[in-house]
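Participant: Kindly return the folded structure for what I paste below:
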Amino acid sequence: MSVHASAVIAPGAQIPASCNIGPFCTIGPEVVLGEDCTLISHVVLDGRTRIGARNVFYPFCSIGVTPQDLKYRGEPTGTIIGDDNTIRESVTVSRGTVGGGGVTRIGSHCLLMTCAHVGHDSQIGSHCILANAATLAGHVIIEDHVTLGAFCPVHQHCIIGQYAFIGGGTIVTQDVLPFSLTSSRRENKAFGINRIGLERRGFTPERLKTLQRAFRLLLSSRLNTTQAIEKLRALASDDVAVLIAFLERSERGVIK
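Facilitator: You can find the predicted model right below:
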């Protein structure tokens, strides 16, 4: 194990020999690191934090720290992070709370850019990007393959559906449709499917065409959401089934 002399590692922390711990890092007693993780410098890992393999933590990020919730009284809650994530400078990830399920979770292959914040009990899937200063309030759910633009605040209990792309500066106060391109000009709107992102993820022209038909029904027709769902069922597509299920479980309403 490569550990800089200025690093402080509490007794009880579990750190494999393959990890590199840089200058002025602080690791708490209940932290468990996976293989080949790198803490560049000034990194704080705290609480009941479980981290997978090959994660890279940049200077001044704070992971598993006390949640910003006045109801928190030191209960034994935690943070779970998967494999192959990049956590850039000054990112903060708060551990969970008893009232929110007890765990803040980040999947694998994610990029959290400078000053992003993941609030307590939030759940982030895999292959997600949070750009600079994107901020999640508590209890936010982000599904797989989501890109959240710079300076985007997301309200508590919002859900962002899979493959969604949210433009920079968008204030998210309702659920974001899967596969959508959602952004703010004068007001928040879904502008259709995230075509470029979906193409990069290997979606075939046929899948894109079906999704585009579904979004026209949902966004451009004069049907209300219930009527649109009935029309969507006729498209008989797995992707459209995901869209329907998302609409039916949304409690905050969706950005249309």
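Participant: okay, which residue is most central for this structure?
Facilitator: residue 124 (3.3 Å; Cα atoms, centre = their mean).
Participant: Tell me if I'm right that that residue and residue 111 touch.
Facilitator: No. Using Cβ atoms under 8 Å, residue 124 is not in contact with residue 111, being 11.0 Å away. Heads up, the C-betas are built off the backbone N, CA and C, glycines and all.
Participant: thinking again about what came up before, contact partners for the residue nearest to the centre of the chain?
Facilitator: Taking Cβ atoms under 8 Å, 6 or more residues apart in numbering, we find residue 124 in contact with 105-107, 110, 118, 130, 136, 142.
Participant: swap in residue 76?
Facilitator: Counting by Cβ under 8 Å, 6+ apart, residue 76 has contacts residue 48.
Participant: Swap in 6 Å and give it another go.
Facilitator: Shown in contact with residue 76 (Cβ atoms under 6 Å, 6 or more residues apart in numbering): no residues.
Participant: Domain map for this protein?
Facilitator: 2-139, 198-249 (automatic domain parsing).
Participant: ok, residue 23 to residue 4 distance?
Facilitator: 4 Å (Cβ to Cβ, to the nearest Å).
Participant: and what of residue 83?
Facilitator: 24 Å.
Participant: out of these two, which sits in the more crowded spot?
Facilitator: residue 83 (18 against 13; other Cβ atoms under 10 Å).
Participant: Can you pull the phi and psi angles for the more buried one?
Facilitator: Backbone torsions of residue 83, given as degrees, to the nearest 10, read phi -110, psi 160.
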